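Chemist: How does the following fold in three dimensions:
(one chain, ligands or ions: 3)
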Amino acid sequence: MYPLAEVIVDVPTMQTDQPFTYLIPTELQPVVQKGMRVEVPFGKGNRHIQGFVVGLSETATLDERLKPIIRVLDIAPVLNAELLALADYMKETTYAFKITCLQTMLPSVMKAEYKKTIILVDTTSEAAQYFPVSGEIDYDQAQKDGLLPKLMKFRQENIVDIRYEVHNKNRVKTLRMVNSLIDEKKAAEILQTLRKGSLRKAQLVEILGSQTEALPVKYFTNLGVSTAHLNQGVKDGWLEILEVETYRDPFANHEFETTTNLALNTQQAKAVNKILTAYKKEQAETFLLEGITGSGKTEVYLQAIQHVLKDGKTAIMLVPEIALTPQMVERFKSRLKDAVAVLHSGLSQGERYDEWRKIERGKAQVVVGARSAIFAPLENIGLIIVDEEHEATYKQEEAPRYHARDLAIWRSRYHHCPVVLGSATPSLESRARAQKKVYTLLPLQKRANPAALLPTIEVVDLKDEYSKGNMSSFSLVLQEKMRDRLNKGEQIVLLLNRRGYSSFMMCRDCGYVLDCPNCDISLTLHMDTKTMRCHYCGHEEAIPHKCPECGSKKISYYGTGTQKIEAELQELLPEARILRMDVDTTRKKGAHERILNAFGAKKADILLGTQMIAKGLDFPDITLVGVLNADTALNLPDFRSSERTFQLLTQVSGRAGRAKKAGEVVIQTFNPEHYAISLAKLQDYERFYQQEMIMRHQAGYPPYYFTVKLTVSHETEVQAAQKSFQLARQLQEVLSPQSLLLGPTPSAIMRIKNRYYYQIIIKYKQEPALKSLLEQILDESQIDQRRGLYVSIDNEPLNFI
Ligand code: ADP
Ligand code: ZN
Ligand code: ZN
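Modeler: Ligands and ions are numbered 1, 2, ... in the order given. I've put the predicted structure just below:
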């Protein structure tokens, strides 16, 4: 019998989902497992490349052409059976190559060529014969020495482990009692020796007697035992010193207050009960926790998770972006302490790897993290939560273009556990599924803190301001309210909506926005061609010099930068202390948190910022929120622009009046009658949902239709255009008349980094043949890729532009 491994190889210029078969050499046969990475020879030159083992088999006859695996890169699978299956699902649903899916699931450090070392977990085992007790040996050396099968066995028994040396800092000297001596007469001696320090006997018995794991030397010296005594203990043979791995804790210098469970109100209790009922029945139910801002969703998550942890199960908590929500991490750490591992891009590579290892080795049971935390190697998952499920950051914009919400639901099915999608303003897709009872709706309709009142919202029509002669960015109403808050020592949050900055034309007299004649979408200004263009149908027209509606010449691009606004604000309110939060002020690591902390500590009166201030802020003294330009997102040529505007306005309004002081919100707009704005004013998600669904139905968009976007790019426009027209013809051949193909048209930003982009959008209800055609297009794109032509497929794109 000749054992074989099926390997998905990593060759960027020749991607394929077909695994290649390799022979497993005799000495590696006890080692190789599915989910491990191996090095294999590839191609005519037998180049050494990496690959993932995805299958094992045997054959009776030796095929001479088969090449053997060169070496194994892991001693334990880096992807377990579940994650391998998840890669398949991701591949199926996102039209990405399998290798891309597999690699996406690993922390980046594991992809790089870091030195790997073997560390001894149990020094008393037979492994000590092969590996030094207090040091480590190089993994590659061990492999050369033929120790791999042994290593493998030891690893399974948890006697040794392997670690990537990202930085060498994560090592600490520890002490422990030599195993064989515990409970023996030597114990008396031990106590005798240590008593010379200031430790009391009872403490020692407790410390040493109950410890199976080693304790840091520092632990003893902090208790007053001198190092001389400890060294004596080592000399006498009853203590040993070894270096063990510690995890770099990104929160090491951070004290987390302990918090306890709050008494839930009726709706919260009902929500927790329903989630736990599904959990106990091991039912993969999807819940939509629809709760207004401040309704206590986080408390629901925490209490449900606590329950699951008590049973020895684990949980994943996804948040849109951790850097923007430090208060969420704070609340989780305060309640669940060391059970929590945090994964996000703000951590250093080493920190992230350590958090990942904590999870993998079962040292953390709850993972709080952004999008990619959905790949956390947790076993035994009892609950998955996707907070702010409507947020666009859950969708990855590059291959594999997965949506973390879909993967969360997939994992909940795999583990037979519930998944909770939480939001004050659910995505239309999720809400529609709840309507159809595919998801279970859990409403929270009141603010949880009974003293916190909902804010009152006032909409100011900017057209009136101009006619009153007020040309500033701040309406008279907002100016008056700001002065009032400054007098009272209360705080103000100002949102400058920068989405769609400068990209559309609007009339300052009548508020008219230039729309496409064929589509319900505004035209986008293209500076390169000096035209207004529609991204849906390709319609194009000249930039107008006067308003087509009222004839006014005051038609112009709309948008202002935060810096400019800050200067204007300072001039208006010279005494105000202003903090600005935007991409420029938050580039450095931890900058968000510093700004938020400063604001929380009342070192400023006004926080002025872009979208990033809308999330997570929970400060008691914010009593006024101003939205300077509610319209900008509204005018983006994207069918989700109303939804996004409504979500943003709701979210930012929720920042006001979180505690006892009532909050006020001022929304400045040119379109007060637009339903996204008037319904945000009424804080009526339900009506917004109803109205938006009618629009989606009429225009044929999700959730009524499925969508796919294909993008073609090349250095020359001709090639990109030609390929996109060829694809469009291919697609038209299989599409039924009920489906719609929009385009090909140049992408919103047609040229990026000297490449030209063309796109096609397909809207359909049912197209059984589409999937296999898209797979074929993906496969064929390999050939085009060699001549610099890239085709990408985005299934259910969040951005149409
Ligand atoms: P959401 O996540 O829905 O915006 P939070 O969980 O942040 O709401 O809760 C808002 C505020 O209400 C927080 O200050 C929280 O401590 C408080 N809170 C939550 N649940 C309760 C409860 N049952 N009783 C009293 N206060 C609560
Ligand atoms: Zn006009
Ligand atoms: Zn159009």
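Chemist: C-alpha from now on. contacts and neighbour counts both.
Modeler: Fine.
Chemist: Could you list the residues of the protein in contact with ligand 1?
Modeler: 262-265, 291, 293-299, 448-449 (C-alpha under 6 Å from any ligand atom).
Chemist: can you rerun that using 8 Å?
Modeler: 262-265, 268, 291-300, 423-424, 447-450, 616, 618, 654, 658-659 (C-alpha under 8 Å from any ligand atom).
Chemist: Of these, grab the buried ones for PyMOL.
Modeler: Of the residues of the chain next to ligand 1, the buried ones can be selected in PyMOL as follows, counting by 16 or more other C-alpha atoms under 10 Å:
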select buried, resi 264+265+268+291+292+293+294+295+296+297+299+300+423+424+447+448+616+618+654+658+659
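Chemist: Out of the residues of the chain next to ligand 1, name the ones that lie in helices.
Modeler: Among the residues of the chain next to ligand 1, the members found in helices (DSSP state H) are Gln268, Lys297, Thr298, Glu299, Val300.
Chemist: right, and out of those residues, which lies closest to His307?
Modeler: Taking C-alpha to C-alpha as the measure, His307 lies nearest Val300 of these, at 11.0 Å.
Chemist: Quick check: the gap between the closest one and Ser552.
Modeler: The gap separating Val300 from Ser552 is 53 Å, by C-alpha to C-alpha, to the nearest Å.
Chemist: Farthest-apart pair in the ones in helices among the residues of the chain next to ligand 1, please.
Modeler: So, those by C-alpha to C-alpha: farthest apart are Gln268 and Thr298, at 10.1 Å.
Chemist: Tabulate the ones in helices among the residues of the chain next to ligand 1 in JSON lines, adding columns for pLDDT and distance to Ala404.
Modeler: Shown next, in JSON lines, are these (pLDDT from 0 to 100; distance: C-alpha to C-alpha, whole Å):
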{"residue": "Gln268", "pLDDT": "97", "distance to Ala404": "25"}
{"residue": "Lys297", "pLDDT": "95", "distance to Ala404": "20"}
{"residue": "Thr298", "pLDDT": "94", "distance to Ala404": "19"}
{"residue": "Glu299", "pLDDT": "96", "distance to Ala404": "22"}
{"residue": "Val300", "pLDDT": "98", "distance to Ala404": "21"}
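Chemist: so can I have CSV of the residues you listed showing distance to ligand 3?
Modeler: Output for those, formatted as CSV (distance: C-alpha to the ion, whole Å):
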residue, distance to ligand 3
Gln268, 45
Lys297, 40
Thr298, 42
Glu299, 45
Val300, 44
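Chemist: What about the residues of the chain next to ligand 1, which are in strands?
Modeler: The members of those that map onto strands under DSSP state E are Gly291, Ser423.
Chemist: before we move on, back to that, among the ones in helices among the residues of the chain next to ligand 1, which one sits closest to Ile275?
Modeler: Val300 (9.5 Å).
Chemist: ok, back up a step: of the ones in helices among the residues of the chain next to ligand 1, closest to Asn629?
Modeler: Lys297 (28.8 Å).
Chemist: thought that closest one was touching Ala304?
Modeler: No - look at Lys297 against Ala304 with C-alpha atoms under 8 Å: they stay out of range, at 10.8 Å.
Chemist: sorry, back to before: which one among the ones in helices among the residues of the chain next to ligand 1 gets closest to ligand 2?
Modeler: Lys297 (43.9 Å; C-alpha to the ion).
Chemist: which residues touch the closest one?
Modeler: Contact analysis of Lys297 by C-alpha atoms under 8 Å, 6 or more residues apart in numbering lists Gln268, Leu289, Gly291, Gly422, Leu444.
Chemist: measure the nearest residue to the last one once chain neighbours are set aside to Glu643 for me?
Modeler: Think Leu444. The shortest distance from Leu444 to any non-neighbouring residue, by C-alpha to C-alpha, 6 or more residues apart in numbering, is to Gly291 (4.2 Å). As defined by C-alpha to C-alpha, Gly291 lies at a distance of 17 Å from Glu643.
Chemist: about what we covered before: looking at the ones in helices among the residues of the chain next to ligand 1, spot the one nearest Glu389.
Modeler: Using C-alpha to C-alpha, these come closest to Glu389 at Lys297, 12.3 Å.
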